[in-house]
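*Asks:* what would the 3D arrangement of this be:
(chains A and B)
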Amino acid sequence: MANNTTHKKKGAEEEAQPAGEAQAAKLHLLRGFKDIFPADQPYWDRLRSLAEEFSTAYGFHRMDTPLVEETALFTRAVGDATDIVEKEMFSFKDRGGDLVALRPEGTSGVVRAYVEHGMVNLPQPVKLWYFGPMFRYDRPQAGRLRQFHQWGLESLGEQHPAADAELLAVATGFFRELGIPVVAQVNSIGCAQCRPGYVEELTNYLKAHRTQLSEESRTRLGIAPLRVLDSKAEEDREVIESAPQMVDWLCDSCKQHFIRVLEYLDEFEVSYALAPFLVRGLDYYTKTVFELLPADVFEGGGPISSQAALAAGGRYDALVEQLGGRPTPATGIAFGIERIITKYREAVAAGTAVAPSARTLDVYMAQLGDQAKRKAMRLFDALRKEDFTVAAHFAKDALKAQLEHANRLQAKLTLILGQKEVIDDTIIIREMSSGIQEIVPFKRVRDEVRRRLAQEEVRETVDESLKVAGEGEPSTGERRTTNDVLEEEETEGEDDRGVEVPSEEPDANADEE
RNA sequence: GCGGCCGUAGUUCAAUGGUAGAACGUCGGGUUGUGGUCCCGAUAACGCGGGUUCGAUCCCCGUCGGUCGCCCCA
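*Replies:* Have a look, this model is predicted:
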């Protein structure tokens, strides 16, 4: 795992040494890792807050588990024959000699915590959610990173099929809210009772058709026959299509369970597609499994990209016991945040989704001269305490530079405090969009800021409603909206809507010092 | 782990077997109390190592990295 790094570092050091005081060696990101820039944050914030909103609405509670766990946890939970464990785990010996790993997925840690802390003794089910980074030492490509983020939900101690359906309901609601059309694919892969029989049948079938299979599938046949089913190789298609299907081999209880999951999906108004050949890569799944794919991967009929799944999950009734707990049924789902953000951006670019709103800046505090600087610092703090978003650059002296800064930050208002204003006990308020500015008594500055920001909001609301109303000429309906909003504003702020000239008396508003 | 394509300023791109240009950005100035436009100036790059060559950023090999695909997965 340290290969590239080591090479790189070695090279860099050798280079840096002879150079002596010359430039230090350049450092850079590890392969498959990404920085998340300020410009990206609105997207992340949106997903994080939406994830929290949906999790909470459906009764899940936040659970954070460590990024590092004993390697054994994952080999036991995920399965030591899976690729995730076999060749993709960031596993290493720590300084104490323990074999530890960066978590490759979220369920294992949650289940470990459930068992370790005796959550069986809590009212069941225990519904938990998490959001955080996962690590897999994979070769990076589209939709795949070595550090990526997942939002996950787990219902522990619940065997009811409604719990599975609920997860799909959360997922489809979430994607609808974001504006990303998805298709839910659902299947059941049975349990320890019925799956072995099916696997045997399938293996026999596949062996019988061995010669028609791709080389890859032939190899897989010996290791994981189920995996042959989701082969994307063209030559496999025919064989797979007429292969025996798990649904026909489900035992009664699995069958009943699956049917009821589907019924509940109807109740939740989740549209889904049966995917008889959907199997999942983690060993712990039983019964229900599902994947949510962006709807557009089905367009054009081409092969479905392998990194397409935006979310996936299923039931894992055996896992808790496998990790040393009492037999406890459970079901869960995980969302791939980076993949979702990619789709979300596409949808925004296509105009089918609304861009996340960036943080706006209410006030920029500009100052000239040392005395003004000091006074501005106090005002800055006062404004901040009133929950305005405020920015300033007290290290800059030139007004020009400060206004440039304000402009770049897209401040709505800039307050300008110079020597003259300090002497007069006034301050300048500049509206950045129009460039109109006004001198007001220093005491009134907070009220004035509040008033102008309220107006600004009204303007934005009006803009929005005009936009939403569409391309037609402004109708009377919209005009009414405008008036309504303004009226509301008036009752609250008692301004006659004099736009830029607020000569209201400052009826003895509380001084603040 | 395997394969394809790619690797030039902070970014997006260009040119060239004799060490490189632009745009945008950034910084400064025009405007020492006024931004978003404009004008002027500055800034800054050939991923690394080796080979071929009188000489390589250009050709070859390797490596690292990026990207896409396979495997696998969110």
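
*Asks:* CA only for contacts and neighbour counts going forward, please
*Replies:* Will do.

*Asks:* which residues touch whichever residue of the stretch 251-400 of chain A sits closest to RNA strand B?
*Replies:* Residue nearest to RNA strand B within the stretch 251-400 of chain A: residue A:281 (2.1 Å; Cα to the nearest atom of the strand). With contacts defined as Cα atoms under 8 Å, 6 or more residues apart in numbering, residue A:281 is in contact with A:82, A:227.

*Asks:* over to the one 5 residues further on?
*Replies:* By Cα under 8 Å, 6+ apart, the contact set of residue A:286 is A:188-192, A:314-318.

*Asks:* same question for residue A:120.
*Replies:* Residues counted as contacts of residue A:120 (Cα under 8 Å, 6+ apart) are A:114, A:157.

*Asks:* got the residues of the stretch 251-400 of chain A near RNA strand B?
*Replies:* Proximity of the stretch 251-400 of chain A to RNA strand B (Cα under 7 Å from any atom of the strand) is limited to residues A:280-282, A:291, A:305-313, A:334-339, A:368, A:398-400.

*Asks:* narrow those residues to those in strands?
*Replies:* A:291, A:311-313, A:334-336 (DSSP state E).

*Asks:* in the stretch 101-250 of chain A, which spans are helices?
*Replies:* Using DSSP state H, counting those that start in this stretch, the helices of the stretch 101-250 of chain A run over A:107-116, A:161-178, A:195-208, A:215-223, A:225-228, A:237-241.

*Asks:* and the shortest one, is it in reach of RNA strand B?
*Replies:* It refers to helix A:225-228. Yes - legend: contact between helix A:225-228 and RNA strand B by Cα under 7 Å from any atom of the strand is shown at A:227-228.

*Asks:* the first one now?
*Replies:* No - for a cut-off given as Cα under 7 Å from any atom of the strand, helix A:107-116 has no contacts with RNA strand B; the smallest distance is 9.4 Å.

*Asks:* in that helix, which residues are buried?
*Replies:* For helix A:107-116, burial by neighbour count (16 or more other Cα atoms under 10 Å) applies to A:107-112, A:114-115.

*Asks:* so where's the stretch 251-400 of chain A shaky on pLDDT?
*Replies:* In the predicted model of the stretch 251-400 of chain A, residues A:299-306 satisfy pLDDT under 70.

*Asks:* can you do 80?
*Replies:* Residue ranges of the stretch 251-400 of chain A with pLDDT under 80: A:280-283, A:297-307, A:358-359.

*Asks:* same check on chain A?
*Replies:* Residue ranges of chain A with pLDDT under 80: A:1-28, A:81, A:215-216, A:222-224, A:230-235, A:280-283, A:297-307, A:358-359, A:456-513.

*Asks:* hmm, 50 instead?
*Replies:* Filtered on pLDDT under 50, chain A yields the residue ranges A:1-22, A:302-303, A:468-513.

*Asks:* helix, strand or coil for residue A:415?
*Replies:* strand (DSSP: H, G, I helix; E, B strand; the rest coil).

*Asks:* count of neighbours near it?
*Replies:* Burial of residue A:415 is recorded as 26 neighbouring residues (other Cα atoms under 10 Å).

*Asks:* hang on, the earlier thing: now the buried members of the residues of the stretch 251-400 of chain A next to RNA strand B.
*Replies:* Going by neighbour count (16+ other Cα under 10 Å), those have A:280, A:282, A:291, A:308-313, A:334-339, A:368, A:399 buried.

*Asks:* check contacts around residue A:78.
*Replies:* Residues near residue A:78 by Cα under 8 Å, 6+ apart: A:84-85, A:108, A:282-284.

*Asks:* now it: how far from residue A:46?
*Replies:* 30 Å (Cα to Cα, to the nearest Å).

*Asks:* next one: residue A:224
*Replies:* 39 Å.

*Asks:* give me the domain ranges for chain A.
*Replies:* Chain A breaks down by automatic domain parsing into domains covering A:38-194+A:250-349, A:361-466+A:481-493.

*Asks:* tell me which of those sits most buried.
*Replies:* Most buried of the domains of chain A, by mean neighbour count (mean count of other Cα atoms under 10 Å): domain A:38-194+A:250-349, with a mean of 19.

*Asks:* straight-line length of it, end to end?
*Replies:* In terms of Cα to Cα, the two terminal residues of domain A:38-194+A:250-349 are separated by 19 Å.

*Asks:* got it, and stretch A:355-372?
*Replies:* Per Cα to Cα, stretch A:355-372 runs 39 Å from first to last residue.

*Asks:* stretch A:416-428 now?
*Replies:* Stretch A:416-428 has an end-to-end distance of 5 Å (criterion: Cα to Cα).

*Asks:* name the SS class of the residue in the stretch 401-513 of chain A that RNA strand B sits nearest to, please.
*Replies:* The minimum distance from the stretch 401-513 of chain A to RNA strand B, using Cα to the nearest atom of the strand, falls at residue A:435 (3.0 Å). Assigned by three-state DSSP, the conformation of residue A:435 is coil.

*Asks:* and residue A:41, how close does it get to residue A:47?
*Replies:* Residue A:41 is 10 Å from residue A:47, by Cα to Cα.

*Asks:* er, residue A:417 actually
*Replies:* Distance of residue A:417 to residue A:47, given as Cα to Cα: 39 Å.

*Asks:* cool, residue A:424 as well?
*Replies:* As judged by Cα to Cα, residue A:424 and residue A:47 stand 48 Å apart.

*Asks:* same deal with residue A:208?
*Replies:* 48 Å.

*Asks:* repeat for residue A:261
*Replies:* Following Cα to Cα, the distance that separates residue A:261 from residue A:47 is 27 Å.

*Asks:* ok, now residue A:339?
*Replies:* Applying Cα to Cα, the value for residue A:339 to residue A:47 is 12 Å.

*Asks:* before we move on, what about residue A:381?
*Replies:* Residue A:381 sits 31 Å away from residue A:47, going by Cα to Cα.
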